[in-house]
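In: Pasting the sequence and the predicted model now:
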Amino acid sequence: MLVACSDSNGTIVSLNVSSTGVGPVSKLSVKIEQPGESTWETSFEPPTQEDKCTDSDVSATVIKSSFYKRLTLPEGWQSGTATVTVRALDGGGAEVVSNSGQAKVKNEEAVAVYVDLEGDYTLPCPEPAGAAGGAGGAPARAGAGGQATESPGTGGQPGSAAGGAADG
């Protein structure tokens with residue numbers, strides 16, 4: 001897919017990154033490999049955004065959910081399919097998450113590659129006040145019940161055959 005024309009000569013890869021649940025990242029390491037070519041690597045600080053809890057001051061700076069980076073490959077890269085691997089690294093250099101995408105690199109042209117980074121990071125937000133619920137009340141006790149009597153009840157008054165109103 002052609003994305004843009006280049007003012008200067010060069011083979012351009014437009015790296016389009018989308019991320020979900022990645023969390024704090026200090027650097028993205030990118031490796032582009034193509035059969036018959038030397039592996040090309042670079043790294044850069046990704047754009048960030050503030051992730052904030054709704055009901056508290058807890059926040060973290062995390063990788064932006066969607067962005068692109070223009071990468072210029074060295075001279076001599078030939079047209080052909082290339083694998084682009086992106087590794088998200090934390091402040092200590094440990095890998096947080098990685099993924100790859102493929103692009104049809106075209107010598108002296110610009111192409112796009114899309115890489116989705118998916119992690120399981122969730123900002124540790126405290127529970128809002130009152131959200132936990134109470135302990136509940138004491139269990140109910142059964143009533144004592146009524147007293148039994150020895151004589152049967154007397155019943156009601158008989159009705160009228162004429163269908164008159166009943167006395168109440």
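Out: Nice, thanks for sending it over. Numbering: from 1, shown residues only.
In: you'd agree residue 88 is up against residue 28?
Out: Yes: if you go by CB atoms under 8 Å, residue 88 and residue 28 touch, sitting 5.8 Å apart. Glycine gets a C-beta too; all of them are placed from N, C-alpha and C.
In: what residues are shared contacts of those two?
Out: 46, 63 (CB atoms under 8 Å, 6 or more residues apart in numbering).
In: Please tell me I have it right and residue 66 contacts residue 20.
Out: No: checked against CB under 8 Å, the pair residue 66 and residue 20 is beyond contact range at 9.8 Å.
In: show me what contacts the residue lying closest to residue 49 once chain neighbours are set aside?
Out: Closest residue to residue 49 apart from its sequence neighbours, by CB to CB, 6 or more residues apart in numbering: residue 64 at 4.9 Å. Residue 64 is in contact with 19, 46, 47, 48, 49, counting by CB under 8 Å, 6+ apart.
In: In strands, which of those fall?
Out: When the contacts of residue 64 are checked against strands (DSSP state E), the matches are 19, 48, 49.
In: buried residues in the helix or strand residue 99 falls within?
Out: Using DSSP states H and E, residue 99 maps to strand 95-105. By 16 or more other CB atoms under 10 Å, the buried positions in strand 95-105 come out as 96, 97, 99, 101, 103, 105.
In: what does stretch 64-76 give?
Out: So for stretch 64-76, counting by 16+ other CB under 10 Å, buried means 67, 69, 71, 72, 73.
In: Could you do stretch 13-30 as well?
Out: Result for stretch 13-30 [16+ other CB under 10 Å]: buried residues 13-17, 19, 22-26, 28-30.
In: Pick the one among the residues you listed closest to residue 92.
Out: Residue 92 lies nearest to residue 26 out of those, by CB to CB, at 8.5 Å.
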